[in-house]
Structures are given as structure tokens and as C-alpha cells.
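Colleague: Let me see the structure of the following:
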Amino acid sequence: MKYYFIAGERSGDLHCANLYKAIKELDVQAEAKGIGGGFMHDAGISLVKNYEDLALIGFWEILEKLGSIRSALKEVKRELSSNPPDVLILVDYAGFNLRVARFAKELGIKVYYYISPKIWAWNESRVKTIKAFVDKMFVILPFEKEFYQKHDYQVDYIGNPILDSISQFVPNPNFRKENSLEDKPIIAILPGSRSKEIESTLFRMLSILPAFPDHQFVVAGVDNFPSSYYENFRRNGLVHIVYEQTYDLLKNAEMAIVTSGTATLETALFRVPQVVVYRVNILSYWIAKMLVKIKFISLVNLIAGKQVVTELIQDEFNPANIRTEMEKLKMGEASRLEILKGYEEIADKIGKPGASKRAAALIFSYLKEAI
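Modeller: Prediction:
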């Protein structure tokens, strides 16, 4: 069968890749194309566009990239019209993907959604669009099944695919040596994978460096930027950058500062106490403040249903606050122990690895029924 995937950011790219690998075990004649990145390409998906052209982190940034978004939408519509797939599989990225879903449905293409858009956070009315144009929804957060049930829409909860990636991870015993790291405890810095995220957060994350002379600061870099991109953040060699080694970094870290996103849950599953930070364009922030109706922004706290880790958002994300909260995460501190206890509760809630294979089995089964 022919599959068409659309992922709008890095974690979606990874999850799509793992899903397609699992699909190919069931469908040996599978063919796939779509919008994504390196992970999807390496998994055998033919890319028509890279998600980097469309990656966004706020309302103002959407306006800045409106031309690129419209161009990509036209290109996808042409692809779907000229060579219709058996199924369109969408990942998060609601603003773009729901427009594609409507168009695909009009063409009679099956529309499946893998990883629900966060409509429970804002714009809950989009559930009507999903009910109208999405044939199957596969959710990865425990509370999402209940959310959709409230709207009389049945979904499949398949667990969290992050667990698949972590379960496949093999630690590098030479991580410190190969990256010229000292024996001092590590503070992991996870600033995200989009340039806007990094530029709005990384300098602030590193502002506390002088306050922690007994630690070394190590930044999780990504290879979709040239190495020169991170040079401005090295602080004359006091800050280390490691590329595409986030899990090894977390495996070796004592504590972390993490930009809100998928990485907050990964950090929790590695049992690394963290402070979550977030900052966007001021216009985007005020629009979000008016629209977003959830109490927390980090996946850790959302899944727990309570505050497990501290979130420093916008003006609260400043050097004094970061330092205060990070002091609480040192070895032996009571706050550290409370966070670790909360992490265990989260791990129990999200279940066991196998989300990609469970989703693939359901997708393949539903498609066979439809033939």
C-alpha cells in the first residue's frame, strides 16, 4: 500500500520514522512519501519537503512563514490529487494538517492521525473538524482518550512512542571521553531543535554558569545546524556542545534545564530532575495567554495532572529564578527526591514500549478492513 506522512517538527519526524519501520514489517510492499526530516528519509520515506521549512513556535512566527506554508500546502494537494495514497497519516501540526485532512477526505483518501494535535490546550472546537475529516485517531497521552470520549469520538490509545526510542537506546560507555568532558557533574541543557527556540532560550539557560562552578554545562546540539551555529554559546570553552547524543547526555546528567516540548518527558523518563523553560515572541505569548486554557505547558506536569517540575515561562524565565530552582535539584535536596517520585508515577501512567508497533498493527488492520 501507499502511505503519505506529514510531520511538522523533529519529534514527529522521529515518530513517523519508527511507525513506518513497523508498518514495513507488516506490509512488505509499502511505499511512502511526505513531509518530514532526516529520520523519515533514513526509514525509506521519500521526502517532498523538509519540515524545517515549516517549523514554527508561535503565532507571530506563523505570519512570518505564511508564504512557505501556503506553498507547501499547494504542493501536498497536487501530490495527493495526482498520485493518491491509500492513506494519509498526519502527525500533530494541527493548523496545516487539518487543512490537508479536509482536502484528502474530499478526494476519498483515508485520513489517519498519529499523535493528536493539542486541541485540548486551546481551540477545542477543532474536534469538530477532526470528527468530520479524520477516520482514525491514535493518541499517545493517557488523558487524550478521555478528552475525545467527552466529544463522542472514539480513538485508540497506543502508548507513548518516546518509550520505543528510549528502549532501543544503547548507552555509550565512552561518552565523556569522546566528548572531552570532565568528571564533574553535568548540567544538561536542552534548548530545542528549532532556531527560534534556541535563539530565544539558550543564552538565558547558560546565564547561571558562574553560579555552578562545580558543574559542567553540556548543550544537546542537533546536526541540522552547522557546528558554527553553536559557537556563540561556548563561553570561551566553558560550555560543551554534543551533537545528536541527547540520550547519552541525559544518562550522564545530574540535572537539566529543558525547553518545553517532547524533551521534558524524555528527561523525566531518564530520571533527571529538570527545570522547564519557555519563551516566545511577546505577541505570540499574549495571544497564547488569551487562548490557552491548560494549567501547565510541560508534558511532565500535564501527564501527572499536577506540578512535578517547575516551569519558568516568559518573564519568569530569568537568571535569578533559574539559579534558585536549579539549586533545589542538587543531590540530596528534598525537591530532587520529590521530582524523582513524581517521575515514577508518570512512568506508570504512560505504560510500556511498543507504541509504534501497536499503531502500525492497528493502521494495517483498519486498511485491510477498508479494502
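Colleague: domains in this structure, as residue ranges please.
Modeller: 2-161+354-370, 167-350 (automatic domain parsing).
Colleague: Just the C-alpha atoms of stretch 39-50, please, in PDB.
Modeller: Output of stretch 39-50 as PDB, limited to C-alpha atoms (Å, rounded to 0.1, in the frame of the first residue of the first chain):
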ATOM      1  CA  PHE A  39      14.700  10.300  10.400                       C
ATOM      2  CA  MET A  40      11.900   9.700   7.900                       C
ATOM      3  CA  HIS A  41      14.300   9.800   5.000                       C
ATOM      4  CA  ASP A  42      16.500   7.200   6.600                       C
ATOM      5  CA  ALA A  43      13.500   5.000   7.200                       C
ATOM      6  CA  GLY A  44      12.800   4.900   3.500                       C
ATOM      7  CA  ILE A  45      10.200   7.700   3.200                       C
ATOM      8  CA  SER A  46      10.700   9.800   0.100                       C
ATOM      9  CA  LEU A  47      10.600  13.500   1.200                       C
ATOM     10  CA  VAL A  48       8.700  16.100  -0.900                       C
ATOM     11  CA  LYS A  49       9.600  18.800   1.600                       C
ATOM     12  CA  ASN A  50      11.700  19.200   4.700                       C
END
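Colleague: part of a helix, is Leu312?
Modeller: No - according to DSSP: H, G, I helix; E, B strand; the rest coil, Leu312 belongs to no helix; its state is strand.
Colleague: Leaving out the residues flanking it, which one is nearest to it?
Modeller: Val277 (4.9 Å; Cβ to Cβ, 6 or more residues apart in numbering). (Each C-beta comes from the backbone N, C-alpha and C, glycine too.)
Colleague: Which neighbouring elements make contact with the helix or strand that contains Val218?
Modeller: Using DSSP states H and E, Val218 sits in strand 216-221. In terms of contacts (3 or more Cβ pairs under 8 Å, 6 or more residues apart in numbering; DSSP states H and E), strand 216-221 is packed against strand 186-190, strand 239-243, helix 246-252.
Colleague: remind me which residues of the stretch 201-350 of the chain are low pLDDT?
Modeller: 281-293 (pLDDT under 70).
Colleague: hmm, 90 instead?
Modeller: By pLDDT under 90, the weakly predicted segments of the stretch 201-350 of the chain are 222-237, 261, 279-295, 297.
Colleague: Quick one: the helices in the stretch 151-300 of the chain, in order.
Modeller: 162-167, 175-178, 195-205, 246-252, 262-269, 282-291, 299-304 (DSSP state H, counting those that start in this stretch).
Colleague: Please put the alpha-carbon coordinates of the fifth one into PDB.
Modeller: Extracted C-alpha coordinates of helix 262-269, given in PDB (Å, rounded to 0.1, in the frame of the first residue of the first chain):
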ATOM      1  CA  THR A 262       8.900  16.400  24.000                       C
ATOM      2  CA  ALA A 263      12.300  16.600  25.600                       C
ATOM      3  CA  THR A 264      10.700  17.300  29.000                       C
ATOM      4  CA  LEU A 265       9.100  13.800  29.000                       C
ATOM      5  CA  GLU A 266      12.400  12.200  27.700                       C
ATOM      6  CA  THR A 267      14.300  13.900  30.600                       C
ATOM      7  CA  ALA A 268      11.700  12.600  33.100                       C
ATOM      8  CA  LEU A 269      12.000   9.000  31.700                       C
END
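Colleague: Strand 216-221 and that helix, what's the angle between them?
Modeller: 130 degrees (axes from the mean of the first three to the mean of the last three Cα atoms, to 10 degrees).
Colleague: what angle do helix 262-269 and strand 186-190 make?
Modeller: 150 degrees.
Colleague: In terms of secondary structure, what does helix 262-269 contact?
Modeller: helix 162-167, strand 186-190, helix 246-252, strand 253-259, strand 274-278, helix 299-304, helix 334-350.
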